[in-house]
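Participant: The sequence and its predicted three-dimensional model are supplied below.
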Amino acid sequence: MTIPVSSQRRFGRTRRFVLTFLVILALTVGLFLIASVLFEADPDVHKVRDWLSASRYGLFAWRLTIYTGLCWAWFYVVRPQVVKKSPGQSLHRLEWMAAGFIIVIEFTAWRSVLA
């Protein structure tokens, strides 16, 4: 037996999905516009590569800020709600996989320095 979902609730889900899709689409278009401007100004990518190399510490601080914000949101906002609904080892595995992913990203970003 299925429980009927009200049309207002269904419309809310649809609206949230459409809004999320439009935000992702706008961010993607914005990133492509930034990339096109960078490639138009520097087709050989030498200036961009030099800028990335010169500002690696500032970008590292920016990434650490983002990681810190994500960790705070996960451990103090999302995780307590998830643990109430589904405790288990899969949550710990997911957290270790996310930490490993961040470490791989950082090794990739610093590979020219470490080599």
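Facilitator: Received it, and whenever you're ready, just let me know what you need.
Participant: Quick check: the nearest residue to residue 41 once chain neighbours are set aside vs residue 11, distance?
Facilitator: Among residues not flanking residue 41 along the chain, residue 47 sits closest, at 7.4 Å (C-beta to C-beta, 6 or more residues apart in numbering). No exception for glycine: its C-beta is placed from N, CA and C like everyone else's. To residue 11, residue 47 is 49 Å away according to C-beta to C-beta, to the nearest Å.
Participant: And for residue 95?
Facilitator: From residue 95 over to residue 11 the distance is 35 Å, taken as C-beta to C-beta.
Participant: Between the two, tell me which one has more neighbours.
Facilitator: residue 95 (14 against 10; other C-beta atoms under 10 Å).
Participant: what about the helices in this structure?
Facilitator: Here the chain has its helices, by DSSP state H, at 7-41, 46-54, 56-73, 79-85, 89-109, 111-114.
Participant: export these to CSV and tack on mean pLDDT?
Facilitator: Output for the helices of the chain, formatted as CSV (pLDDT from 0 to 100):
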stretch, mean pLDDT
helix 7-41, 88
helix 46-54, 85
helix 56-73, 94
helix 79-85, 87
helix 89-109, 90
helix 111-114, 74
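Participant: ok, now which ones touch residue 63?
Facilitator: Counting by C-beta atoms under 8 Å, 6 or more residues apart in numbering, residue 63 makes contact with 105, 106, 109.
Participant: Relative to residue 43, which of those residues is nearest.
Facilitator: residue 109 (23.6 Å; C-beta to C-beta).
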